[in-house]
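Student: Need coordinates for the following:
(4 chains)
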Number of protein chains: 2
Amino acid sequence: MDTRTDPRVRRTRRVLREALVSLILEKDYASISIKEITERAEVAYITFFRHFESLDQLLMEVLDEGLAELLGHIEALAKQSETPALETEGRLIFEYIQQKADLFRILFKSQSVTRVRKKVVQNIAAIFQKSCAPVARSGNQVTIAILSNHIATSLLSLIEWWLDNNMKPAPTQMGKVYKSLIIDSTVGAVSSLSAAATQSSAQHQGGRV
Amino acid sequence: MDTRTDPRVRRTRRVLREALVSLILEKDYASISIKEITERAEVAYITFFRHFESLDQLLMEVLDEGLAELLGHIEALAKQSETPALETEGRLIFEYIQQKADLFRILFKSQSVTRVRKKVVQNIAAIFQKSCAPVARSGNQVTIAILSNHIATSLLSLIEWWLDNNMKPAPTQMGKVYKSLIIDSTVGAVSSLSAAATQSSAQHQGGRV
DNA sequence: TTTTATATGTTATACTGTATAACTTATGTT
DNA sequence: AACATAAGTTATACAGTATAACATATAAAA
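Tutor: Presented below is the predicted three-dimensional model:
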């Protein structure tokens, strides 16, 4: 939506996004109708279809907007390997979520979570898979896939838990939890798992005789 | 549904459950209509409403049936603290999932995942929270809540990843992954976290002066 | 400023899915 | 065989999606 777009179009799309956000925050996503959104946005019913194919598409647009920023933060976090920087970056993530709490509540509340969540998990997992190149040599492909998936889903679950608990332990504390529970733990598991994987492939080769 | 229930009722409820399962496995849950279910089940449309209030309720009945068994397996797993037993129990869980793969695919595919998934996570978390009584003394309540939530969500995510990857690493290997990535890691994180929590509450007390 | 293009509003309509009512038929129980 | 009740048939009301045709408002170009 650059600046040369018709201002009427920009306004309409914006009020529709805002209407959906305010509705999700106060009621169940599944019970929201397009009519309800257009009424709150104060545009005609048909106007919705002139901009979006479905309610899900509008939701996607809302989430994509904010989630791009989150991925940037996580990428910065993934690059850190030293202990003090890790905790600081972890704190920054939770401070960022605190700021955009509404957006993340929507991410976890909306019913299209199945699709969206998987997409988000895959994006985060890809980030860690890249930054885990040094560790990669010791493990096989399957192990790495499991580890990056584990980190991504654990981080999302931790964020979801935190939101459900009214963001109670402060971001500083959550940064430490992130570091010890998700990163340090996973790194610690690498050695035992890669050893098991080697043993497993050896067994496979032996069994082929 | 005990044996003294009218056999016509038992049959109707059964064919409706079966119809929903077969439909979820071949298409998106959101696009399934009650009419579609009754047609596949070969019962009249109105018959659905004589047994269920909504499509979601039928789904819940299907899932509750199978998930009770899973919880039993997980409970057995949570009670183990010795290394060899832990791996064996972990393997048993993945073997069980392999048997009932359809059911678990439904759990992760259905759109009502938001509600159902949270319910399942809470049930599993409660199991680990109980069995973690010995560890409990060293950490505060918040830490324990985070840890049990972490174990529950990690286990579910691992199961989901495994299903998405056609259950490729064998249950034996997955049992080892479960042990080192989820249990050993979390246990390892307890000490550093409870230390941080103590430090944090000390800071709180100090700040009050 | 007038003209032109296009976004939005209004009204009407077709369609699909949910939900229930009234009545008939089939099936299990006594 | 008689009775109770589950299930089938038909009709209907309603909400939400989706689109068409035409009128009106507004941005951009002349």
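
Student: residue nearest the centroid of chain A?
Tutor: A:V120 (4.2 Å; C-alpha atoms, centre = their mean).

Student: need the residues of chain A near DNA strand D, please.
Tutor: A:D6, A:P7, A:R8, A:S33, A:I34, A:K35, A:Y45, A:I46, A:F49, A:S54, A:L55 (C-beta under 7 Å from any atom of the strand). Where C-beta positions appear, they are placed from N, C-alpha and C, glycine not excepted.

Student: Point me to the residue of chain A nearest chain B.
Tutor: Going by C-beta to the nearest C-beta, chain B is nearest to A:S185 of chain A, at 3.2 Å.

Student: Give me the nearest residue to that residue, chain neighbours excluded.
Tutor: B:S185 (3.2 Å; C-beta to C-beta, 6 or more residues apart in numbering or on different chains).

Student: What's the per-residue pLDDT of the one you found here?
Tutor: B:S185 is assigned a pLDDT of 83 by the prediction.

Student: The closest residue to A:L70 other than its chain neighbours: neighbour count?
Tutor: Excluding the flanking residues, the one nearest A:L70 by C-beta to C-beta, 6+ apart is A:Y96, at 7.1 Å. Using other C-beta atoms under 10 Å in any protein chain shown, the number of residues around A:Y96 comes to 16.

Student: cool, A:F49 as well?
Tutor: 11.

Student: again, but for A:D184
Tutor: With other C-beta under 10 Å as criterion, A:D184 counts 17.

Student: pLDDT weak spots in chain A?
Tutor: Across chain A, the ranges flagged by pLDDT under 70 are A:1-3, A:110-113, A:133-139, A:194-209.

Student: For chain A, just list every one of the helices.
Tutor: A:7-26, A:34-41, A:45-49, A:55-79, A:83-99, A:101-109, A:113-131, A:133-136, A:141-164, A:171-177, A:185-207 (DSSP state H).

Student: Format the ones you listed as CSV; extra columns: distance to B:R105.
Tutor: Below are those laid out as CSV (distance: least, C-beta to C-beta, whole Å):
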stretch, distance to B:R105
helix A:7-26, 27
helix A:34-41, 31
helix A:45-49, 33
helix A:55-79, 21
helix A:83-99, 31
helix A:101-109, 22
helix A:113-131, 12
helix A:133-136, 30
helix A:141-164, 17
helix A:171-177, 32
helix A:185-207, 25
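
Student: Those residues of chain A touching DNA strand C, which are they?
Tutor: By C-beta under 7 Å from any atom of the strand, the residues of chain A that approach DNA strand C are A:6, A:8-9, A:11-12, A:42-47, A:50-51.

Student: 6 Å instead, please
Tutor: A:D6, A:R8, A:V9, A:T12, A:V43, A:A44, A:I46, A:T47, A:R50 (C-beta under 6 Å from any atom of the strand).

Student: if I read this right, the fourth one contacts A:V43, doesn't it?
Tutor: If I follow you right, that is A:T12. Yes - using C-beta atoms under 8 Å, A:T12 is in contact with A:V43, at 5.8 Å.

Student: returning to what we had before: and the residue of chain A closest to chain B, how many neighbours?
Tutor: Neighbour number of A:S185 under other C-beta under 10 Å is 25.

Student: which residues sit in contact with it?
Tutor: Taking C-beta atoms under 8 Å, 6 or more residues apart in numbering or on different chains, we find A:S185 in contact with B:L181, B:S185, B:T186, B:G188, B:A189.

Student: ok, these vs chain A, which is closest?
Tutor: For the contacts of A:S185, the nearest to chain A is B:S185 (3.2 Å; C-beta to the nearest C-beta).

Student: Just give me how far stretch A:155-166 sits from the chain centre.
Tutor: Relative to the centre of its chain, stretch A:155-166 is centred 12 Å away, using C-alpha atoms, centre = their mean, to the nearest Å.

Student: Can you point out the buried residues in it?
Tutor: A:L155, A:L156, A:S157, A:L158, A:I159, A:E160, A:W161, A:W162, A:L163 (16 or more other C-beta atoms under 10 Å in any protein chain shown).

Student: For A:R117, see how far away the residue nearest to the fourth one when sequence neighbours are not counted is.
Tutor: In space, A:L158 comes closest to A:Y178 once its chain neighbours are excluded; the distance is 6.6 Å by C-beta to C-beta, 6+ apart. A:Y178 is 19 Å from A:R117, where distance means C-beta to C-beta, to the nearest Å.

Student: Pick out whichever of these two has more residues nearby.
Tutor: Neighbour count, other C-beta under 10 Å: between A:Y178 and A:R117, A:Y178 has more, with 25 against 19.

Student: and the more buried one, what is it in contact with?
Tutor: A:G90, A:I93, A:F94, A:L155, A:L158.

Student: follow-up on the earlier one: list only buried entries from the residues of chain A next to DNA strand C.
Tutor: Buried among the residues of chain A next to DNA strand C by 16+ other C-beta under 10 Å: A:T12, A:V43.

Student: Pipe the residues of chain A next to DNA strand C into JSON lines and attach distance to chain B per row.
Tutor: Conversion of these to JSON lines gives the following (distance: C-beta to the nearest C-beta, whole Å):
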{"residue": "A:D6", "distance to chain B": "33"}
{"residue": "A:R8", "distance to chain B": "32"}
{"residue": "A:V9", "distance to chain B": "29"}
{"residue": "A:T12", "distance to chain B": "26"}
{"residue": "A:V43", "distance to chain B": "25"}
{"residue": "A:A44", "distance to chain B": "26"}
{"residue": "A:I46", "distance to chain B": "23"}
{"residue": "A:T47", "distance to chain B": "24"}
{"residue": "A:R50", "distance to chain B": "23"}
